[in-house]
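A.B. asks: coordinates for the following, if possible.
(one chain, ligands or ions: 1)
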Amino acid sequence: MAMIPGTKNKMERNNINPQDLTMASDANQECFPSNDDLPTVLLHRLPSFNSPLKEILQPHFHLLDPADSPEPATSFLSSHAKSVRALVCIYNTPLSAETLSLLPSLEFIVATSAGVDHIDLEECRGRGIIMTNASKAFAEDAADYAVALLIDVCRRISTADRYVRAGLWQVNRDYPLGFKLGRKRVGIVGLGRIGFEVGKRLEAFGCSIAYNSRQKKPSIPFSYHANVVDLAEDNDALILCCPLTEQTHHIINRQVLEALGKEGVIINVGRGGLIDEELLVKFLSRGDIAGAGLDVFENEPDVPREVFELDNVVLSPHRAIFTPESLEALNELVFTNLKAFFSNKPLQSVFKIEGKDYPVM
Ligand SMILES: O=CC(=O)O
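C.D. replies: Now for the predicted structure:
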């Protein structure tokens, strides 16, 4: 059986039946009896983005990697990629309509990120290209991180750490109290896989959970708010878990921040562009909201200098999704989806590119 390196234990942990992969693999051996007949997969990456996926996929697919060629990417794609049906987009390598136009046979994009704002979704939708993203592999870790940021902001853990390290405990024993998390009302913006995992975790802390999403989800027990201003008004904290699209750009604007109010906290594990960052900094500096936990920023890796001075903000360098375990799960997901695509089996973590409204992450 073809097994991707380092996945056996993980598959057992995740209750994936190794037989499913055996069957897919056997089916592929029938379809692709020799190395020459391996299905072709295009890697789309910036030359600086190396990924272990390359080594993992190499034995199973014929990989085209323009980043390894001395030819400019556009001429490489024009001459070698006309018949490519599947592409793996590594991290947030931009995938524009122009690049897509060089790939007339493309049917399937495997995004190795949860957010896909670097991919021209409108073009993909118009051409009926199917896409899978990485939210299945990343949801639990992203949700843990969002909750950790919320606890950190409420209980002032990072600030306390700085206080102890600076030797201030010896000088002043009166470190200010933080806020209890239990029984807080938390509003989740974007109830996809990540948002749902956040809700599950916070329910266990005794929080009440509400959400805003494109549509109410009948099977979900959390209360639904059709707009984000109402969600902010009715909750103590907002957690942003939705993808960045034209519609969600600056979804956190003045009205939302005012509705959240002086006691309100905002956590962002989605994308920096979801928040009007300049405005957020003003609200934080003036104490017009209570605090923020930010893993993502509008112009990464640049972070507005003003927040460095603020003790009510916890900063993180876009790391919410990353653990060795989530990366292992990603490798497995990509491999499984490519195998499934080439053998007409169901795909996992399909990203629905629907209309202009925001899809789930
Ligand atoms: O932010 C990370 C991702 O979208 O995967």
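
A.B. asks: OK, contacts around residue 212?
C.D. replies: Shown in contact with residue 212 (Cβ atoms under 8 Å, 6 or more residues apart in numbering): 187-191, 224-228, 231. Quick note: C-beta positions are derived from backbone N, CA and C, even for glycine.

A.B. asks: which residue ranges of the protein form helices?
C.D. replies: Using DSSP state H, the helices of the chain run over 8-13, 18-31, 53-57, 73-80, 97-101, 121-127, 135-155, 157-165, 168-171, 193-204, 228-233, 254-260, 277-285, 324-342.

A.B. asks: of all those, which one comes closest to the ligand?
C.D. replies: Among the helices of the chain, the nearest to the ligand by Cβ to the nearest ligand atom is helix 135-155 (5.6 Å).

A.B. asks: any chance of the helices of the chain in TSV, with mean pLDDT and distance to residue 211 too?
C.D. replies: Below are the helices of the chain laid out as TSV (pLDDT from 0 to 100; distance: least, Cβ to Cβ, whole Å):
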stretch	mean pLDDT	distance to residue 211
helix 8-13	40	29
helix 18-31	34	33
helix 53-57	96	33
helix 73-80	96	40
helix 97-101	98	32
helix 121-127	94	22
helix 135-155	98	13
helix 157-165	97	26
helix 168-171	96	39
helix 193-204	98	6
helix 228-233	98	7
helix 254-260	98	14
helix 277-285	98	21
helix 324-342	98	23
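
A.B. asks: can you redo the ones you listed as TSV with distance to residue 47 and mean neighbour count?
C.D. replies: Below are those laid out as TSV (distance: least, Cβ to Cβ, whole Å; neighbours: other Cβ atoms under 10 Å):
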stretch	distance to residue 47	mean neighbour count
helix 8-13	29	12
helix 18-31	30	15
helix 53-57	12	18
helix 73-80	9	15
helix 97-101	15	16
helix 121-127	23	16
helix 135-155	24	23
helix 157-165	35	14
helix 168-171	46	10
helix 193-204	30	22
helix 228-233	39	20
helix 254-260	39	19
helix 277-285	29	18
helix 324-342	20	21
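
A.B. asks: make JSON lines from the ones you listed and add distance to the ligand to it.
C.D. replies: Listed next are these as JSON lines, based on distance: least, Cβ to the nearest ligand atom, whole Å:
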{"stretch": "helix 8-13", "distance to the ligand": "18"}
{"stretch": "helix 18-31", "distance to the ligand": "24"}
{"stretch": "helix 53-57", "distance to the ligand": "14"}
{"stretch": "helix 73-80", "distance to the ligand": "23"}
{"stretch": "helix 97-101", "distance to the ligand": "19"}
{"stretch": "helix 121-127", "distance to the ligand": "14"}
{"stretch": "helix 135-155", "distance to the ligand": "6"}
{"stretch": "helix 157-165", "distance to the ligand": "21"}
{"stretch": "helix 168-171", "distance to the ligand": "34"}
{"stretch": "helix 193-204", "distance to the ligand": "9"}
{"stretch": "helix 228-233", "distance to the ligand": "20"}
{"stretch": "helix 254-260", "distance to the ligand": "22"}
{"stretch": "helix 277-285", "distance to the ligand": "16"}
{"stretch": "helix 324-342", "distance to the ligand": "9"}
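
A.B. asks: would TSV of the ones you listed with distance to residue 305 be doable?
C.D. replies: Listed next are the helices of the chain as TSV, based on distance: least, Cβ to Cβ, whole Å:
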stretch	distance to residue 305
helix 8-13	41
helix 18-31	49
helix 53-57	36
helix 73-80	35
helix 97-101	35
helix 121-127	33
helix 135-155	20
helix 157-165	17
helix 168-171	23
helix 193-204	29
helix 228-233	27
helix 254-260	20
helix 277-285	9
helix 324-342	31
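
A.B. asks: and the pLDDT at residue 353?
C.D. replies: In this prediction, residue 353 carries a pLDDT score of 73.

A.B. asks: in the stretch 251-361 of the chain, what residue lies closest to the ligand?
C.D. replies: Across the stretch 251-361 of the chain, no residue is closer to the ligand than residue 321, which sits at 4.8 Å (Cβ to the nearest ligand atom).

A.B. asks: quick check: phi and psi at that residue.
C.D. replies: Main-chain torsions, residue 321, degrees, to the nearest 10: phi -90, psi -10.

A.B. asks: please name the nearest non-neighbouring residue to it.
C.D. replies: residue 138 (3.9 Å; Cβ to Cβ, 6 or more residues apart in numbering).

A.B. asks: residues contacting the one you found?
C.D. replies: By Cβ under 8 Å, 6+ apart, the residues touching residue 138 are 114, 194, 321, 326, 329-330.

A.B. asks: same thing but 10 Å
C.D. replies: Contact analysis of residue 138 by Cβ atoms under 10 Å, 6 or more residues apart in numbering lists 112-115, 145, 193-194, 197, 269, 320-323, 326-327, 329-330, 333, 349, 361.

A.B. asks: what number of residues lie near residue 172?
C.D. replies: Residues lying near residue 172 (other Cβ atoms under 10 Å) number 8.

A.B. asks: surely it touches residue 164?
C.D. replies: No. The pair residue 172 and residue 164 does not pass the contact test of Cβ atoms under 10 Å, sitting 11.6 Å apart.

A.B. asks: show me the contacts for the closest residue to residue 308 other than its chain neighbours.
C.D. replies: The shortest distance from residue 308 to any non-neighbouring residue, by Cβ to Cβ, 6+ apart, is to residue 315 (8.0 Å). By Cβ under 10 Å, 6+ apart, the residues touching residue 315 are 149, 158, 292-295, 297, 303, 307-308.
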